[in-house]
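fold the stuff below for me.
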Amino acid sequence: MRRTIAPAKVTLTIATLVIATWASTASAVFLDSTCHYIKTGFHRNVVWPWPYICPDRAAVRGPFAVMVRNGWRRQNLLGSYLFNPTTNQLTTAGELEVRWIMTQAPPAYRQVFIERSIDPSVTAARIAATRDYAQRISLDGQVPQVFETDLMAEGRPANVVDMTNVKFLENMPTPVLPTAAASELDQ
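Next up, the predicted model:
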């Protein structure tokens, strides 16, 4: 007697094999993703504060770098009082300031900032005079960068400061010891 397999049974058998294969693959993927999730969670818990501390520290230190750059910009600022008003050449105090920047400032901060004038030609003349002087006194051939800035220099011309100090010394009373009568009253 000959037996034949009905088409419905073949379809059912194929469907069962496909579902069984898919179910084992799905369970393997589910098991893999669950294991990966648990391992990732474990490693995050082990190093817990570190991934969150580093960005916070960087955010806190960021403004300090800006403040340091602004401080050096203010330190290396040449105001209008360091230039001769008629020729726009550096005064002696201005030359000393440029020399200090070129020799004493850290190499990373050897930049000269010129206070911007209302007249652009005055600013350009001051920048050119500063570059020329810096090139003349450069020892190692490195000329500092010269920039114009909107910062206002807070200060006074050197001759005004000198005159104030001289007048102070001239008007200082002569030191004298107290008289004997004044020392008896103190006792």
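
spit out the contact partners of N76.
The neighbourhood of N76, defined by CB atoms under 8 Å, 6 or more residues apart in numbering, consists of 101, 105, 109-113. All C-beta atoms are positioned from the backbone trio N, CA, C, and that covers glycine.

of those, select the buried ones using a ChimeraX command.
For the buried members of the contacts of N76, the matching ChimeraX selection, counting by 16 or more other CB atoms under 10 Å, is:
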select :101,105,110,112,113
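
could I get the contacts of N76 in CSV, plus columns for secondary structure, distance to W72 and pLDDT?
As requested, these are exported to CSV (DSSP: H, G, I helix; E, B strand; the rest coil; distance: CB to CB, whole Å; pLDDT from 0 to 100):
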residue, secondary structure, distance to W72, pLDDT
I101, helix, 10, 93
A105, coil, 7, 90
Y109, helix, 4, 92
R110, coil, 9, 90
Q111, strand, 8, 93
V112, strand, 11, 95
F113, strand, 9, 96
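
closest to F64 out of the contacts of N76?
Distance to F64, by CB to CB, is smallest for Y109 among those, at 14.9 Å.

now the closest one, nearest residue through space, not along the chain?
If the residues on either side of it in the chain are set aside, Y109 comes closest to W72, at 4.2 Å by CB to CB, 6 or more residues apart in numbering.

quickly find the element holding that neighbour.
helix 49-75 (DSSP states H and E).

which residues does the closest residue to R73 other than its chain neighbours contact?
Nearest in space to R73, with sequence neighbours left out and distances taken as CB to CB, 6+ apart, is F113 at 5.4 Å. The contact partners of F113, taken as CB under 8 Å, 6+ apart, are 73, 76-78, 146-149, 151.

tell me which two in the residues you listed are the farthest apart.
V146 and L151 (14.2 Å).

look at stretch 72-87 and report the distance between its end residues.
Terminal residues of stretch 72-87 lie 27 Å apart, using CA to CA, to the nearest Å.

just for this structure, where's the confidence low?
Counting by pLDDT under 70, the chain contains low-confidence residues at 1-10, 12, 15, 17-31, 181-187.

could you redo the last one with a cut-off of 90?
Within the chain, the stretches falling below the threshold (pLDDT under 90) are 1-60, 65, 93, 103, 107-108, 137-144, 151-162, 165, 172-187.
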